[in-house]
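Peer 1: Only the shape, not the letters, is given here:
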């Protein structure tokens with residue numbers, strides 16, 4: 001059983017046979033550092049599980065780039081509104097490091113219900129868990145101070161601070177690079 005199968009089985013509590021069926025639809029994809037997994041404006045026709053490496057989800061605005069998320073090993077990646085509803089992708093998704101992903105095409109994802117009878121239950125649980133993560137991030141952005149957001153990310157994903165340009169982390173946390181640097185300096189002292 002590979003990492004993807006382990007994750008699917010653990011995350012969805014899916015039967016091993018069904019897990020193998022689902023995992024068999026994913027194909028290994030290598031991305032070099034700097035390569036785009038998805039570009040804004042095009043349709044997102046895939047979803048990936050990150051096995052190794054780091055992907056950044058961001059939007060380019062007239063005066064700046066805004067980092068929405070940094071995806072690391074063990075996370076799924078897609079532009080959900082584009083993937084599920086066929087809208088043009090809102091986000092760019094780019095490899096910050098050499099990255100290994102397991103990717104399923106949208107067409108195959110839409111057939112999972114026929115392949116795995118309980119897929120609708122699993123998908124509902126998956127989307128619910130994604131919603132909880134998003135809800136927590138929104139709550140943190142409106143309820144925690146910049147210093148508390150910094151500390152929480154540092155405690156939960158300390159390795160990012162050595163692997164990702166700090167301006168991307170600042171943006172993801174909803175703060176300027178200057179505020180991020182000031183907090184970082186204070187924490188190091």
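Peer 2: That came in fine, so what should we check first? No experiment lies behind these values; they were computed from the predicted model shown.
Peer 1: Please identify the buried residues of stretch 174-185?
Peer 2: 174, 175, 180, 183, 184 (16 or more other CB atoms under 10 Å). The way it works is simple: take the backbone N, C-alpha and C, and place the C-beta from them, glycine included.
Peer 1: Residue 172 is in contact with the third one, correct?
Peer 2: No. With contact defined as CB atoms under 8 Å, residue 180 does not reach residue 172; the gap is 10.0 Å.
Peer 1: neighbours of residue 31, just the number please.
Peer 2: 21 (other CB atoms under 10 Å).
Peer 1: any idea how far it is from residue 77?
Peer 2: 11 Å (CB to CB, to the nearest Å).
Peer 1: Overlap in contacts, the two.
Peer 2: Shared contacts of residue 31 and residue 77 (CB atoms under 8 Å, 6 or more residues apart in numbering): 37, 55, 101.
Peer 1: Quick check on those: which are buried?
Peer 2: Buried among these (16+ other CB under 10 Å): 37, 55, 101.
Peer 1: Between those residues, which sits nearest residue 151?
Peer 2: residue 55 (24.0 Å; CB to CB).
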